[in-house]
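Give me a 3D structure for the following:
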Amino acid sequence: MRRRVATITLNPAYDLVGLSTPIELGEVNRVTTAGFHAAGKGINVAKVLKSLGIDVTVGGFLGKENQDGFQKEFSEAGIANRFQMVEGRTRINVKLTEPSGKVTDFNFSGFEITKQDWTRFVNDTLSWAGQFDMICVSGSVPPSIDLNDFTAWMKRLRSECMCLIFDSSREAFVAGLKALPWLVKPNHHELEIWAGRPLPELSDVVQAAHELRQQGIAHVVISLGEQGAMWVNASGAWMAKPPKCDVVSTVGAGDSMVGGLIYGLMMRQTSEHTLRLATAISALAVSQTNVGITDREQLARMMTEVELTPLKI
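All right, here's what the predicted structure looks like:
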C-alpha cells in the first residue's frame, strides 16, 4: 500500500552548524563549520521519512531571495515541493555546539507573511490535505501570522486529515493544541507551561499527558532531554532512554524522533517498537551533522541499546 505524508514548515531556516570551544561573550570565537543545511523542523522530519522510504511532500513558506538551497535539497532528495514563495529571505539560524554538548542558538529574523500570503496558503493546503494519510505541522509560527488565524487553519486541516501531528513551542504550541491534533510532542518545559504547574516527577508528567489525552489528543510524546522520551496513549505509557553516543550536534534530534514516530505509526508497528525506533533515530541524529538515515545496520544496533520501560498509569 502506498503511504503518503506531508510536512508543513511555516518558518524554515538555513541551519549553519558549528563546533566551538566554550563561547566567550565579547570575544572572537573560532568555530569549525560542521554543516550548512536547508532545514526547518518539518523539512527535517521529511528527510528522515524519505530516508526510510516514505513518499513525502513538504509545504510552507520560502523567501524568494534565497530559495535555491531549498529547491536543490528537495530535488536531490526526491521530495515533492508545495512551498509557497513570498517576498524576502528565509532566515538563517546559527547553532554552536561546545565540547560539553551544550548548544547555543542564534535565530535570525526572516520574511514577513502578509494577509494575502496567508489566505493563499490556507486555500492551497486545504485543497490537497485530504490526499495524505498523515500531515505533520512542525516548528515556530512567523510573528507576522496571527495565532487565532493559525488555530483556525489547524482546525480546518484536522478536519481534512484526521492524523495530524503537531510539534511546536511557546504560544504557537498552545494555539495549535486547540485543534486537538492526533499526536503532539512537547518537551518537559513546554508541557509544564501548558499545565500551569511544575512537573518534577515522571508520575507528574504522565498525569499531565493524560490531561491532554482527555481533551481528545490520542498520542502524547514528551521529550525529556538526556533522560529520553515518554509516550502516553490508549495502550499505556512507556519511557525510552537513548543509548550513549558522541554528540556532534543536537540539531534535528527532536524532528528525527517525530519522523520515527510517524514511520512506526504508518507501518502499524506496536507502540513499544515505534518508540524504540524513534529514540534510536533521534540518538543517531545527534552523532551526525545532518538528519536522515544512511546506515540501517547502525540504526538496528542502536535500537537494541534503547532502554524501554513500561510506566504505571
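
where do the helices sit along the stretch 151-300 of the chain?
170-177, 188-195, 202-214, 253-266, 271-286, 296-305 (DSSP state H, counting those that start in this stretch).

Buried residues of the fifth one, list them for me.
By neighbour count, with 16 or more other CB atoms under 10 Å as the criterion, the buried positions of helix 271-286 are 271-272, 274-286. All C-beta spots, glycine's among them, are computed from the backbone N, C-alpha and C.

gap between residue 266 and residue 3?
5 Å (CB to CB, to the nearest Å).

got any residues that touch both of those two?
54, 133 (CB atoms under 8 Å, 6 or more residues apart in numbering).

of the two, who's got more company?
Ranked by neighbour count (other CB atoms under 10 Å), residue 266 and residue 3 place residue 266 first, with 19 against 16.

List the contacts of the residue nearest the centre of the chain.
By CA atoms, centre = their mean, the chain has its centre lying nearest to residue 255, at 3.3 Å. Residues in contact with residue 255, defined by CB under 8 Å, 6+ apart, are 41-42, 44-45, 48, 138, 167, 285, 291.

What is the nearest of the residues you listed to residue 241?
residue 285 (16.0 Å; CB to CB).

Would you check how far apart the residue nearest to that closest one when sequence neighbours are not counted and residue 281 are?
Spatial nearest neighbour of residue 285, excluding adjacent residues (CB to CB, 6 or more residues apart in numbering): residue 256 at 3.9 Å. To residue 281, residue 256 is 5 Å away according to CB to CB.

Tell me which residues touch the nearest residue to residue 138 once chain neighbours are set aside, please.
In space, and not counting its chain neighbours, residue 138 is closest to residue 41: 3.5 Å by CB to CB, 6+ apart. If you count contacts by CB under 8 Å, 6+ apart, residue 41 has them with 9, 138-139, 167, 254-255, 258.

Export the residues you listed to CSV and append columns for pLDDT and distance to residue 111.
Shown next, in CSV, are these (pLDDT from 0 to 100; distance: CB to CB, whole Å):
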residue, pLDDT, distance to residue 111
9, 96, 13
138, 94, 18
139, 92, 14
167, 94, 21
254, 83, 24
255, 89, 21
258, 93, 24
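
neighbour-wise, which of the residues you listed leads?
Neighbour-wise, these (other CB under 10 Å) top out at residue 255, 30 neighbours.

quick one: that one from residue 53, how far?
For residue 255, the distance to residue 53 - CB to CB - is 18 Å.

OK, contacts around residue 58?
Residue 58 neighbours (CB under 8 Å, 6+ apart): 6-9, 42-43, 46, 74, 79-83.

Restricted to helices, list the residues you listed.
Among the contacts of residue 58, the members falling in helices (DSSP state H) are 42-43, 46, 74.

from these, which is closest to residue 91?
residue 43 (13.2 Å).

Against residue 139, how distant is the residue nearest to the closest one when sequence neighbours are not counted?
Excluding its sequence neighbours, the residue lying closest to residue 43 (CB to CB, 6+ apart) is residue 9, at 5.4 Å. Residue 9 sits 5 Å away from residue 139, going by CB to CB.

okay, and the common contacts of the two?
With CB under 8 Å, 6+ apart, residue 9 and residue 139 have common neighbours 40-42.
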